[in-house]
Structures are given as structure tokens and as C-alpha cells.
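# pasting the sequence and the predicted model now:
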Amino acid sequence: MTRSTLAALLTLALCACSGGTLVGPLPASPGGGTAAPPATGPADLASLPAHCTARGSGLQVLPDPACTPGAIDPRVTQDDLGTTVCRSGYTRTVRPPTSYTEPLKRELMLRYGDTGPLGAYELDHLISLELGGNPTSVANLWPEPGASPNPKDQVELAANRAVCSGRMTLADAQRAIATDWVQLGRRLGAT
């Protein structure tokens, strides 16, 4: 099975299991690195509902699955963990710049009805970069209450360690964190 076939199957499996839409790949730059994130435009935000409702309370809030179903980066696969998410410093190579995230954070806060100051929220990747989440897709970003670090960060770290040690597959970790990161944290002993 080719790597691209495996990535496509993983995308379909995650979509079916999460009940949401997982969006596709980001283009690789010619040197094999990460391409610049695409600009967020009306078409990207138009794909989301006008109003989103978070579930839960306090710092253990889950995003609205209709607004934030999660999205994977198909360049990250089970076969290349050692050169991607299990490599020290990997997330620095794919994290989008604040010039991209800050305007998006404002818009997503409006859709979620969050009225607090920008600093009271983290624009978070539902499927974290440490688990091969899509860095720039609006389907994978949401205004998580609380500044960073926060409780979800510990779950992301524990899940990354489980994937990198072979205790959990990448697909299982991606599906679990997109479905209910609080429950995944309990399962991993991180919350």
C-alpha cells in the first residue's frame, strides 16, 4: 500500500468515526518542508456554521463538532512518525504564524460567542500538531478557553508519548482527541 493510499484511507476512517469532516492535505514545498499556510478567506470560514456552541465548562470544554470536527495533515503517517511528530522540534516546522492565526482567532471567537479578551483563549488545534493535526485548517482550529499551558496540553503530550512509544496508533490518537480530549486524558492518566 502506498503512502498516499494509506493517508487517504486514514482520512476516510477518521471522518467516518468522528462524524465530522476531516479536510485534506496541505501542499508540501519543493524542498520537502511545509508550504506557507493558505490564506483564510471567506470560502474557508463560509464552510463553518455561523454560530458554534462549545460543550462542557471551565477548562475542560469541547468544541462544537459541527464547527470544529478536526482535520489531519496527511503528510504525517504511522510510517513516518520518527521524522514527523516523534522528532524533537517538529511542531515548530509546521505551526502557522500569528499573522495567520490572530485574525482567525477573532473570527472563531465571534462564532463561538466568546466575548472575553483574546488573551483569555488559545487558538487551539483540536487534533494537535503533536498528533499530526492540520496546522491551518479552520476545521481543526477553535478558541479554547484559558491561556496556554492548559489541561488539554497535558493530554496532547501524553497522547504523543503513547503514539511515539507504540502504545497507541496515530489514527487511534487522532480519532480519540477529536472525539473527546477530556476522555482521552482520563484514559491516559493526564487529567
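Thanks, I have it.

# use CA for all of it now, contacts and neighbours both
Fine.

# so in the chain, which helix runs the longest?
Assignment by DSSP state H gives helix 170-188 as the longest helix of the chain.

# what does that helix rub up against?
With contact meaning Cα atoms under 8 Å, 6 or more residues apart in numbering, helix 170-188 is reached by 10, 14, 17-18, 60, 62, 69-70, 72, 77-78, 126-127, 131-133, 152, 154-155, 158-159, 163, 191.

# who's in contact with the residue nearest to the spatial centre of the chain?
Closest to where the C-alpha atoms of the chain average out (Cα atoms, centre = their mean) is residue 127, at 2.7 Å. By Cα under 8 Å, 6+ apart, the contact set of residue 127 is 70, 71, 72, 133, 134, 140, 174, 177, 178.

# a markdown table for these, including distance to residue 84?
Below are those laid out as a markdown table (distance: Cα to Cα, whole Å):
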| residue | distance to residue 84 |
| --- | --- |
| 70 | 19 |
| 71 | 17 |
| 72 | 13 |
| 133 | 11 |
| 134 | 13 |
| 140 | 18 |
| 174 | 15 |
| 177 | 18 |
| 178 | 19 |
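
# quick one: which of these is nearest residue 112?
residue 140 (14.1 Å; Cα to Cα).

# I figured the closest one hits residue 73, correct?
No. Residue 140 lies out of contact with residue 73 (Cα atoms under 8 Å); the separation is 10.1 Å.

# circling back: go through the contacts of residue 127 and say which is closest to residue 109.
Nearest member of the contacts of residue 127 to residue 109, counting by Cα to Cα, is residue 140, at 14.1 Å.

# against residue 135, how distant is the residue nearest to the closest one when sequence neighbours are not counted?
What sits nearest to residue 140 in space, not counting adjacent residues and going by Cα to Cα, 6 or more residues apart in numbering, is residue 70, at 4.2 Å. Residue 70 sits at a distance of 11 Å from residue 135 (criterion: Cα to Cα, to the nearest Å).

# over to residue 51?
Residue 51 is 22 Å from residue 135, where distance means Cα to Cα.

# neighbour count: those two, which is higher?
residue 135 (24 against 14; other Cα atoms under 10 Å).

# over to that one. Which of the three states is it?
Here residue 135 is recorded as coil under DSSP: H, G, I helix; E, B strand; the rest coil.

# residues in contact with it?
37, 73, 94, 95, 96, 125, 129.

# one more: residue 82?
residue 164.

# now it: phi and psi?
Dihedral pair for residue 82: phi -70, psi -20, per degrees, to the nearest 10.
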